[in-house]
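*Asks:* Sequence first, predicted model second:
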Amino acid sequence: MKKRYIAAVLITVIAIVLIVVGVIHFSDSKDSGTQPTSVPFAKAQLGVTVDSWLRIIEIDEYNGRLAVVAENVSEDNVEYAVLTVKTKDKTLNFKISAVLSGAKVVLLCNESVGSNPYDEYTSWQIRDKLLYETPPVMNDDKVEIEILDGSISVKNISDEDIKSDLCIYYKDKKDDLLNGSVTGKIRVKALKEGSQTYVKAPELNKNNCQVIFTEYD
């Protein structure tokens, strides 16, 4: 009698275990149906370097748009280029504007398409690349620049008049990432030695903008 009781208990325990395993397996199967069925090319190739200079860090969404987070790992200062990415049924283009050597940037997709970071990307290509003829510089030995909320302050700290106009190039930023698709430009008229001027620019925010270089025009 005791053996029959033990056998009945064991059968009951085994049945419960099988039921639980079946439920877990069913749950996992349902969840997997909402995930990519294969590792997307983009996710599998994070860290790949396109055209020997643009290293892909992440594929994500940025302010509701498909975006590529990348870094210029070369010594080249890229004035303009286009990153073209292809999926099975789409061609996506990402404008590249003033991405200097060492810069980490967010590149925004030009097209408003229904793509997402989990699409399978089949190819990457850089086209229409244009480099700066001379390395961009800050000219911080001659001018002192401060971005304010809604304006920019520029002071001539050299020992001579600046007779040419000064063009200041800047980008929006978030944390350590610059907007690699858009570059702003502010022109400052000639400055006498020791003089300071303020230029209104409503789009400027002292916490979210960064000057990347200046040049005389």
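*Replies:* Perfect, thanks for sending it.
*Asks:* domains of the protein?
*Replies:* Annotated domains of the chain cover 41-131, 143-216 [automatic domain parsing].
*Asks:* Show me what the strand or helix carrying Asp128 packs onto, helices and strands only.
*Replies:* In this assignment (DSSP states H and E), Asp128 forms part of strand 121-131. Contact analysis of strand 121-131 by 3 or more CB pairs under 8 Å, 6 or more residues apart in numbering; DSSP states H and E lists helix 41-44, strand 49-50, strand 54-62, strand 78-87 as its packing neighbours. Just so you know, the C-beta spots here come from the backbone N, C-alpha and C atoms, and that holds for glycine as well.
*Asks:* buried stuff in that strand?
*Replies:* Using 16 or more other CB atoms under 10 Å as the test for burial, strand 121-131 gives Tyr121, Trp124, Ile126, Lys129.
*Asks:* can you redo those residues as CSV with pLDDT?
*Replies:* Formatted as CSV, the buried residues of strand 121-131 follow (pLDDT from 0 to 100):
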residue, pLDDT
Tyr121, 73
Trp124, 89
Ile126, 96
Lys129, 97
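*Asks:* Reformat these as TSV; add distance to Lys155.
*Replies:* Supplementary listing: these in TSV, determined by distance: CB to CB, whole Å:
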residue	distance to Lys155
Tyr121	47
Trp124	43
Ile126	39
Lys129	36
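*Asks:* Mean pLDDT lowest where, among the domains of the chain?
*Replies:* Mean pLDDT across those is lowest at domain 41-131; the value there is a mean of 86.
*Asks:* Could you export the helices and strands packed on strand 121-131 as a markdown table, including mean neighbour count?
*Replies:* Formatted as a markdown table, the helices and strands packed on strand 121-131 follow (neighbours: other CB atoms under 10 Å):
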| stretch | mean neighbour count |
| --- | --- |
| helix 41-44 | 17 |
| strand 49-50 | 17 |
| strand 54-62 | 18 |
| strand 78-87 | 19 |
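*Asks:* Turn the ones you listed into CSV, columns for distance to Cys109.
*Replies:* Formatted as CSV, the entries for the helices and strands packed on strand 121-131 read as follows, by distance: least, CB to CB, whole Å:
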stretch, distance to Cys109
helix 41-44, 12
strand 49-50, 15
strand 54-62, 9
strand 78-87, 8
